[in-house]
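Q: with the input below, show me the fold.
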Amino acid sequence: MLTWNDVLGFAREGNLKPEKKVVKTEAEWRQQLSDEEYWVTREAGTERAFSSELCSVLESGIYACRCCDNLLFDASEKFDSRTGWPSFSQPIQENAIAYHLDNAHGMTRVETTCNTCDAHLGHVFPDGPGKGGLRYCMNAIALLKK
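A: So this is what the prediction gives:
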C-alpha cells in the first residue's frame with residue numbers, strides 16, 4: 001500500500017521501473033486520440049469538473065490508460081470524492097503510475113502519469129480515505145473502463 005511519503009519519494013527521487021514502455025510520435029498520438037484526449041493526456045490538460053458520468057460509476061471493473069491500455073486502477077479502490085473527477089485510493093500496481101512534482105499555478109502538487117506511455121492522468125493528494133490516505137484525482141477522459 002502506497003502512502004503520501006512513498007509518492008513524494010518517487011516524485012523527488014525517481015519512479016519505479018514500468019513493466020514495459022510505449023513510445024509513439026506526436027503524429028501517431030494525434031491519429032489515435034481525439035483533440036480533447038490528446039490535450040489532456042499528451043499536453044497535461046484538465047477536463048472540466050463533473051464533465052464525465054465516470055465520476056458516479058462505482059461498479060466493479062478495471063481502469064486502464066486510454067493511450068496504451070496499461071492497467072491503472074481497480075474499481076474497488078474508487079470512491080466518490082465529490083470533486084468532479086474520478087477518484088481512487090490506490091493504483092492497481094505500485095509501478096503502474098509515475099509521479100512528478102508540479103509547481104504550476106502557484107502551488108505544489110504531485111502530477112500522475114501513466115508509467116508505460118507518460119500520458120498525463122491527473123494529480124494525487126494526501127486527503128483520501130483508508131490507511132494510505134491517498135486521493136488519485138484522475139481525468140476521466142484519460143481512462144478506459146474495462
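Q: ranges for the helices of this protein?
A: Secondary structure of the chain by DSSP state H: the helices cover 4-13, 26-32, 35-43.
Q: can you pull the buried residues of the longest one?
A: When neighbours are counted by 16 or more other C-beta atoms under 10 Å, the buried residues of helix 4-13 are found to be 4, 7, 10, 11. Using the backbone N, CA and C atoms, a C-beta is placed for each residue, glycine as well.
Q: what's the closest of those residues to residue 143?
A: residue 7 (19.0 Å; C-beta to C-beta).
Q: my read: that closest one touches residue 134, true?
A: Yes: contact criterion C-beta atoms under 8 Å: residue 7 and residue 134 qualify, at 6.8 Å.
Q: for these two, list the residues in contact with both.
A: Residues touching both residue 7 and residue 134 (C-beta atoms under 8 Å, 6 or more residues apart in numbering): 124, 126.
Q: how much space between residue 145 and residue 14?
A: In this view, residue 145 and residue 14 are 30 Å apart by C-beta to C-beta, to the nearest Å.
Q: quick one: closest of the helices of the chain to residue 103.
A: helix 4-13 (11.3 Å).
Q: residue 129 is nearest to which of the helices of the chain?
A: With C-beta to C-beta, the closest approach to residue 129 among the helices of the chain belongs to helix 4-13: 13.2 Å.
Q: report all helices and strands that the closest one contacts.
A: Helix 4-13 sits against strand 97-102, strand 109-114, with contacts defined as 3 or more C-beta pairs under 8 Å, 6 or more residues apart in numbering; DSSP states H and E.
Q: for the protein, list the residue farthest from the centre, please.
A: Here the chain reaches farthest from its C-alpha mean at residue 27, the gap being 22.8 Å by C-alpha atoms, centre = their mean.
Q: returning to what we had before: give me whichever of the helices and strands packed on helix 4-13 is most buried.
A: strand 109-114 (a mean of 21; mean count of other C-beta atoms under 10 Å).
Q: check contacts around residue 23.
A: Residue 23 touches residue 117, counting by C-beta under 8 Å, 6+ apart.
Q: hmm, try it at 6 Å
A: The contact partners of residue 23, by C-beta atoms under 6 Å, 6 or more residues apart in numbering, come to none.
Q: and it, how far from residue 141?
A: Looking at residue 23 against residue 141, where the rule is C-beta to C-beta, the gap reads 21 Å.
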